[in-house]
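S.K.: here are the coordinates; sequence isn't available:
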């Protein structure tokens, strides 16, 4: 298991645990972990990651309508969306740097 997979698993675990326990700076940690993961995303998967980030950000709270567990599921998906958004931001930054590097 390589470092990227370990960081990804830590991010997923943090996204799940963060739905049930208040973790200081959880969103910032998830974003930083996502940035690290974004360094190793292959170009073939760039669009898939960016679309996933947008969908998770936009639709994660659709589960709020489910009584009892919906808010927890929505929070988990929202947290996971922050992780994926970090990867998407790194893809955008890498592509921008590749276009304008000296």
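M.R.: All right, it came through fine. Just so we're clear, the structure is a prediction, and the values are computed from it rather than from any experiment.
S.K.: Could you look up the SS state of residue 20?
M.R.: At residue 20 the chain is in coil, as set by DSSP: H, G, I helix; E, B strand; the rest coil.
S.K.: Over to residue 98?
M.R.: Criterion first, three-state DSSP; result for residue 98: helix.
S.K.: Tell me the pLDDT of it.
M.R.: Note on residue 98: pLDDT of 92.
S.K.: That one: neighbour count?
M.R.: Each residue near residue 98 was counted by other C-beta atoms under 10 Å, and the total is 8. No exception for glycine: its C-beta is placed from N, CA and C like everyone else's.
S.K.: Check residue 29 too.
M.R.: Residue 29 has 18 nearby residues by other C-beta under 10 Å.
S.K.: tell me the contacts of it?
M.R.: Counting by C-beta atoms under 8 Å, 6 or more residues apart in numbering, residue 29 makes contact with 14, 23.
S.K.: Give me the buried stretch members for the one helix or strand it maps to, please.
M.R.: Using DSSP states H and E, residue 29 sits in helix 26-38. By 16 or more other C-beta atoms under 10 Å, the buried positions in helix 26-38 come out as 26-27, 29-31, 33-38.
S.K.: can you tell me which of these lies nearest to residue 4?
M.R.: Closest approach between these and residue 4, by C-beta to C-beta: residue 37, at 5.9 Å.
S.K.: Quick one: distance of stretch 15-28 to the chain centre.
M.R.: 13 Å (C-alpha atoms, centre = their mean, to the nearest Å).
S.K.: quick one: average pLDDT of that stretch?
M.R.: 95.
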